[in-house]
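> Output the structure for:
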Amino acid sequence: MYSQDTIETHSHAGRQDTPERRRRRSRMVRAVLAGGLVLGVGAAVTLAAWNDSAFTTGSFAAGTFKVEGTVDDSTWAEYDASPGGTLDFTMPAAGLSPGDSVSAPFAVRLSAGSTADGTIAVSTDSTSGTINDLTYSMAITSGFGCGTSVSSTPISGAALGTGTASFSLTKGSPSTSAGAPVYVCFTLTAGAIAQGQTGSATWKFVGTSS
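Coordinates of the predicted model:
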């Protein structure tokens, strides 16, 4: 049977701070600190950045560009397909003879609704029949008809089936109106043509917007 003093001595000895106990406490403290660091890092990663958005939209529409012509200064048409409008070359009753000249007027403009100015390129589109010893000129005139004054002659004395020219067209103002027309006069001249020969030529007026 133990004495009171002995029991107290053993109880006190059980609470002694031994090196082993100190090592265990150190490991526990390190584990707790390490766990706290892991939790801290995890909390930082899960924070989301704020964001917001703004949008804008643009709408687009193409303009219009159309060329039209007239052979009589009355009816205007687009003449999209060859042979187009027929020039009124007034032939002598007996037909052409060497040295004869015949003329025919034409006019071209940008149609109502066109939203851009443009340039016209003139060239021969096709010929048919016999066109030997025939030349022509194309003049820019002050009005419709080959009797009006000539401002320039972009094509002069070219063999029928050849020759090119260009000039500018302006859109109407307002654009709901047709543009100002450009008047031209074709003059065909016969050289040493053969008797009974017949032929034709088709000119092309190609408009390009600017």
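> alpha carbons only for contacts and neighbour counts from here, please
Fine.
> pLDDT at the one residue sitting closest to the centre of the chain, what is it?
By Cα atoms, centre = their mean, the mean C-alpha position of the chain lies nearest to A62, the distance being 8.2 Å. A62 carries a pLDDT value of 92.
> Equivalent analysis for N51, please.
89.
> for the one 4 residues further on, same thing?
The predicted local distance difference test score for F55 is 93.
> repeat for G199
Reading off the model, G199 has pLDDT 93.
> Just give the nearest non-adjacent residue to it, would you?
G129 (4.0 Å; Cα to Cα, 6 or more residues apart in numbering).
> any chance you could map the helices in this structure?
4-14, 19-45 (DSSP state H).
> Could you list the domains of the protein?
Taking automatic domain parsing as the criterion, the chain consists of the domains 4-45, 67-209.
> check contacts around G161.
By Cα atoms under 8 Å, 6 or more residues apart in numbering, the contact list for G161 reads T124, D125, S126, T127, A201.
> again with K66
E78, L110, S111, S114, G207.
> top of the residues you listed by neighbour count?
The most crowded member of those, judged by other Cα atoms under 10 Å, is L110 (29 neighbours).
> what sits against that one?
Applying Cα under 8 Å, 6+ apart to L110 gives the contacts 65-68, 117, 169-172, 178-181.
> Quickly name whichever of the contacts of G161 is closest to G95.
Of all the contacts of G161, G95 sits closest to A201, with 16.7 Å by Cα to Cα.
> Would you check how far apart G99 and T189 are?
7 Å (Cα to Cα, to the nearest Å).
> Compare these two (neighbour count), which wins?
T189 (22 against 11).
> so that one bridges to which residues?
Under the criterion DSSP bridges, T189 forms beta bridges with S101, T135.
> Spit out the contact partners of it.
Counted by Cα under 8 Å, 6+ apart, T189 has contacts G99, D100, S101, V102, L134, T135, Y136.
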